[in-house]
Structures are given as structure tokens and as C-alpha cells.
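A.B. asks: pasting the structure only:
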């Protein structure tokens, strides 16, 4: 919006070309007719499929630490969006990147692109467009995936009697953040915090089986609350015994702390889903409790006592 | 990324519901199976069409003035994205909105939503998802449209001999910005600056006729430079006589100033396109000159002299 041209060593167009045009995965099989460089990308959607579209913005100092390595920032910001595709049971197709940078730091850009494309290659998703602007560091990614018609996993299909399941041991995201804030820069929880793994394969496996699904960004209790509310003011009872203890990543935490991390920790990006009785639990997943008709969240202790839980999770805003 | 829950009067979920779930245009004809509120939207793409996807971020103080009315901000940020769809000859389908706000100002949000949906209704495009985060005011929009296979307008098809055409009198965007900076808040140029009109109908009319097309965000010379470079290092000669004088919006400017505004002003969001000799000029459009084999931009004066032009445009970054 400035009035005068600003000659620079590396303008927006050169930046985009240098760091973001190098990517492969373009061709008939990916549906990319025209990638970055024009006013918009041109794409052929897979015939007979529905599309799933999500967009998330990550801000430095809010969604990732200011001093996080550029490659981890690139990986993490894409992971957060892919996790939304996973939660819908979608196959990744394409993404667009809107990158806001305080200045042109080529080392940072090269690292960011490297981390982002590492995950993009793993997930087989193509960068097809976006823009670069100058301002406080911020990464906005829009990702698109495909699902067969009617098979997307939604939040609103849970039924009383369904089991409440999770795709692994939760809590590593919050523990990693706490360790980061204490100055730690290595270890299993830190690794999870830096580079969360979107559960894309699990999402595909849950198509036609899970009645509801969400990815855990706000914590098990808060995200379970979203499923229960969307499914018609249902409730749930979790079993204290069902929370796994002794996982490597939470080793060293007290039992009470493990429970707190597992139930309330955010930024895990594991899938939380509901399964009808006849469906078997996929490998690596845990069943935490059961959906009930009665509203509210309850925890059944080992001694049979029932405690009311509050779904206070992680507020991104 | 903060560690503790932040109880607030209006959290992200409530914000999204209150201001962004109200919108219509959902139903079988728009392909929206599931709109905002889940991890992602579910959409049915129009059968047999290609998709066109664009994403642009607008920052307060850079892409729009800090003190611009919220409704104009909402309108303008969507307009910028729709203009990219217009430049591809695409029919608008869906958009996602990532909104970063410094605080929860319900008056501002209501105004923003009102301006944005005013244009969304005109363009018949549906808001299907996105997110809200806290930070410096910024609006990132990803928009998707549809085109019949092979009919999208690209930058790379211009041929020597094609006429260089523009969808109206350029320069109002820059004039409006200059007037805004001088404290003016009304008038034709200010209106254009506040609420640029994406030329969606013109884009559709150019399908199968224009050999190349771009929307003018960086100025005629700079954006023409993008077409010529993409089409294989071509050049162009513009006719000084062809620049229209006496348009209402530029009235009051000297002839030299009108020429400067028309050739170098950015933020016009009119379409700039190349037409083969046999294609007639659409109504309201102007022919500015001709694509040539010889690289570089030239201006042919009334007296027959040829001046070399420099494509210094508008740098957003």
C-alpha cells in the first residue's frame, strides 16, 4: 500500500521462485495443472471425490516459540493443517502458503522451506500457491484433501454407547512446551512439540468406522467436549484406569501429572474419535471411556467414585 | 501455545459462530456439504471442472490503512482474492478466512463481516471455514473457483501481434491511496480504493478469447511485465494516445499525472489481458498497445517518438 516502489535485493517474486517453486509432485497424478507463479493455481480434482478444506494461521510467540528453528516452524505449521485433514479422514492433495516475514533472511527461508517440504514429501501434498508479505512472522496455510462421498469423519456423529478412543498417549505436546519454556532443547517431548506427526493413516483407517473424529489441539477434555456438543449435547464417562501410564515420553512425571497432561494438554495433534461397539480398536490406540446420554464429563476412579470434570482446555485466542 | 487456559467473554469458537456462521449460499447448488465449525469443510466440486485456487494476506498498515472502516477492510480483503479468480476466468465457489485480531471488538467484527458478506453475496461465493487468532490485525483469505478444463486464463500465452487491453481506466487505486493519505475520505477514487470491484464477469467473457490475463495489483507496466516474461521474454509498445483522458475518476489531475497514474498505479484490480487480432474488444475496455517480439517496454508518443519505459511498479514486499 506504500506509494513508492521499494527496490530490494530480493523482491517477493524472486523469493517465491527461489524457495517455493522447487517442489515436485506436480503432474497428472497430483492434479496440479499449474502451480505457483500465476494469479492462482489450476487444479484437477479427483473424479467422484469430495474435497476437504482447512486453513490455520500460526503466529510466532503464540503458536510457536520466537526462537524455534526455522525448519521446525515450517514442519510444524504444515503439520497442524495436515492434522485437520487427518481428522476428516482425507487424503492430502494440495496446500497454499501465505508467509508473513519481518525481513528477508535467506538462511531462515531456506530452513523453513526445508522443514515444510520434508513433511509435504512424507504426506505427498503439493504446494500450489500463496504469497509472501512483510510483517510480524506468521504462517497461514490452507490445505485441501479428498474423501469418497459421504465418508469424511465429522464431529457430529457420536452415539451413546460409543467408545472414546485416542490415537496414542496424549500430553507430549504440553510437556514439550513446558520443557521448552524451561530451556530444554532435546528429548522425546521436545521432539513431539517441534514436529508433531499428523495421523493421516489413522484417519484413512477410520473412514466408515468412527462415528466422530477430531484432532487434539485444545486437549482431550476440550476436544471431546466439541464432539459431544456437536453430536447433540451428549456426555461422557472416562475411566481413570484407562489412561496409559509409563509411556516413554511422559516418563519422569508423577501419576497425577501424567493424568493432567493426558487430559488437558493441547497441541498433541493425535486423533480423538468415537467407535461403535462392533468396531475393533486400531493398533496403537487407547480406549478412554464411553459416550453417555447424560450431559457433562465424568471420571470414574479406580475405587468406583465418579468425579465431574471440566472441559477447560487450551485457548488459542 | 500458552500454558494456561484463558477464560474470556468471547472465545474463538463463540466469535466464529456469532459472526461467520450466519451465511447462506449453502446447499446442493453450491457444493457445500459442511461449512464452518468442524476441523475442515466438506465440499463437492462441480463435475468435470478444473479448480482455481488463490490465497492472499492483507496486513493493516501495509495493504490497507490502519484507520480504514472495518466494513471496507472486509470488502477489500475479499475483493483482492476475487480479483485473482477473475484474472483466471474462474467462477467463484468457496473461500476460507484466517483472521488475526489484536482484541475482541464486537463492533469491528460485525462491520468486517458485513462488508465481507456484502461482496460475497454479490459474487455468490460461500465462506466455508478458517480460523481466528490473536495478534496484529491481518486477514488471510483463500478463494477457490471453477473453470471448464483448459479454459483458465494464464499469464503465459501472449503472442507477438496481440493487442494489450485493460478492463477500464487504471490509476484510481493509487489516486485513492494518495487522497486517503491527504486526509480525504470521500470521492470516486477513495471509493475505488476502499472497495475495488473484481472484474469477474469480464474474466468469464475472456475465456477462450484472451491469450493471457492478469489483474492489476502492481501497476500496468509491472503487471504487463509479468505477462511478457511468462510468455517467453516478449516486449510491448504502448501508444500514448491510447491512454484515455477525461475519465471522471481522474478528473482534476494533469495529463502527465493521469499518464503516471494509469501506467504505474497499483491496487487497481482491473484485468490486463492480451487479445489476438480477430477478437473484438469487450465493452468498457481499452486497447493500450501491442505485444512485440523485441524485449522491453516502449511508449510511442503522439509525435512518433519511441521512449523506453521501466516496469517499476508497486512492491508489496
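C.D. replies: Received it, and whenever you're ready, just let me know what you need. Since the structure is predicted, the reported quantities are computational estimates derived from the model, not experimental observations. Numbering: from 1, shown residues only, chains lettered A, B, ... in the order given.

A.B. asks: what about residue A:74, neighbour count?
C.D. replies: 26 (other CB atoms under 10 Å in any protein chain shown). All C-beta spots, glycine's among them, are computed from the backbone N, C-alpha and C.

A.B. asks: Contacts only, for it.
C.D. replies: Residues in contact with residue A:74 (CB atoms under 8 Å, 6 or more residues apart in numbering or on different chains) are A:111-119, A:139.

A.B. asks: can you put these in TSV and add distance to residue B:157?
C.D. replies: Shown next, in TSV, are the contacts of residue A:74 (distance: CB to CB, whole Å):
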residue	distance to residue B:157
A:111	36
A:112	33
A:113	29
A:114	34
A:115	36
A:116	31
A:117	30
A:118	35
A:119	34
A:139	33
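
A.B. asks: Local confidence estimate at residue A:24?
C.D. replies: As predicted, residue A:24 sits at a pLDDT of 55.

A.B. asks: quick one: the helices in the stretch 51-200 of chain A?
C.D. replies: A:70-87, A:106-123, A:172-181, A:188-194, A:200-206 (DSSP state H, counting those that start in this stretch).

A.B. asks: Name the member of the contacts of residue A:74 with the most neighbours.
C.D. replies: Of these, with other CB under 10 Å as the count, residue A:116 tops at 28 neighbours.

A.B. asks: Would you check how far apart residue A:46 and chain B are?
C.D. replies: 9 Å (CB to the nearest CB, to the nearest Å).

A.B. asks: How about residue A:216?
C.D. replies: 11 Å.

A.B. asks: can I assume that residue is in contact with residue A:165?
C.D. replies: No. Residue A:216 lies out of contact with residue A:165 (CB atoms under 8 Å); the separation is 11.7 Å.

A.B. asks: For chain B, what's its nearest residue on the stretch 151-300 of chain A.
C.D. replies: Closest residue of the stretch 151-300 of chain A to chain B, CB to the nearest CB: residue A:152 (4.8 Å).

A.B. asks: Count the neighbours of that residue for me.
C.D. replies: 27.

A.B. asks: With residue A:106 instead?
C.D. replies: That count, for residue A:106 with other CB under 10 Å as the rule, works out to 12.

A.B. asks: As JSON lines, the helices of the stretch 51-200 of chain A with mean pLDDT and distance to residue B:276 would be great.
C.D. replies: Formatted as JSON lines, the helices of the stretch 51-200 of chain A follow (pLDDT from 0 to 100; distance: least, CB to CB, whole Å):
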{"stretch": "helix A:70-87", "mean pLDDT": "98", "distance to residue B:276": "42"}
{"stretch": "helix A:106-123", "mean pLDDT": "95", "distance to residue B:276": "39"}
{"stretch": "helix A:172-181", "mean pLDDT": "94", "distance to residue B:276": "57"}
{"stretch": "helix A:188-194", "mean pLDDT": "94", "distance to residue B:276": "54"}
{"stretch": "helix A:200-206", "mean pLDDT": "98", "distance to residue B:276": "46"}
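
A.B. asks: Out of these, which is the most enclosed?
C.D. replies: Highest mean neighbour count of those: helix A:70-87, a mean of 26 (counted as mean count of other CB atoms under 10 Å in any protein chain shown).

A.B. asks: how much space between the residue of the stretch 151-300 of chain A closest to chain B and residue A:223?
C.D. replies: Separation of residue A:152 from residue A:223 (CB to CB, to the nearest Å): 17 Å.

A.B. asks: Kindly report the same for residue A:37.
C.D. replies: Taken as CB to CB, the span from residue A:37 to residue A:223 is 38 Å.

A.B. asks: domain assignment for chain A?
C.D. replies: A:12-147, A:163-309 (automatic domain parsing).

A.B. asks: Of the ones you listed, which is nearest residue B:179?
C.D. replies: Of all these, domain A:12-147 sits nearest to residue B:179, with 23.9 Å by CB to CB.

A.B. asks: Distance from the chain centre to that closest one, please.
C.D. replies: Offset of domain A:12-147 from its chain centre (CA atoms, centre = their mean, to the nearest Å): 14 Å.

A.B. asks: give me the low-pLDDT residue ranges for the stretch 1-150 of chain A?
C.D. replies: The model of the stretch 1-150 of chain A has pLDDT under 70 over residues A:1-10, A:12-13, A:22-28.

A.B. asks: mind listing the strands for it?
C.D. replies: Taking DSSP state E, counting those that start in this stretch, the strands of the stretch 1-150 of chain A run over residues A:32-34, A:41-43, A:50-59, A:91-101, A:126-134, A:138-147.

A.B. asks: can I get those strands in JSON lines with distance to chain B?
C.D. replies: Output for the strands of the stretch 1-150 of chain A, formatted as JSON lines (distance: least, CB to the nearest CB, whole Å):
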{"stretch": "strand A:32-34", "distance to chain B": "6"}
{"stretch": "strand A:41-43", "distance to chain B": "5"}
{"stretch": "strand A:50-59", "distance to chain B": "4"}
{"stretch": "strand A:91-101", "distance to chain B": "4"}
{"stretch": "strand A:126-134", "distance to chain B": "5"}
{"stretch": "strand A:138-147", "distance to chain B": "4"}
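
A.B. asks: Could you export the ones you listed as TSV, including distance to residue B:175?
C.D. replies: Output for the strands of the stretch 1-150 of chain A, formatted as TSV (distance: least, CB to CB, whole Å):
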stretch	distance to residue B:175
strand A:32-34	33
strand A:41-43	32
strand A:50-59	33
strand A:91-101	28
strand A:126-134	23
strand A:138-147	31
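
A.B. asks: near chain B, which residues of the stretch 151-300 of chain A?
C.D. replies: For the stretch 151-300 of chain A, the residues found near chain B under the criterion CB under 8 Å from any CB of the partner chain are A:152, A:154-156, A:174, A:177-178, A:181, A:213-215, A:226, A:230, A:267.

A.B. asks: need those residues in a markdown table with distance to residue B:273, can you?
C.D. replies: Shown next, in a markdown table, are these (distance: CB to CB, whole Å):
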| residue | distance to residue B:273 |
| --- | --- |
| A:152 | 39 |
| A:154 | 42 |
| A:155 | 44 |
| A:156 | 45 |
| A:174 | 53 |
| A:177 | 51 |
| A:178 | 56 |
| A:181 | 54 |
| A:213 | 46 |
| A:214 | 45 |
| A:215 | 43 |
| A:226 | 47 |
| A:230 | 46 |
| A:267 | 47 |
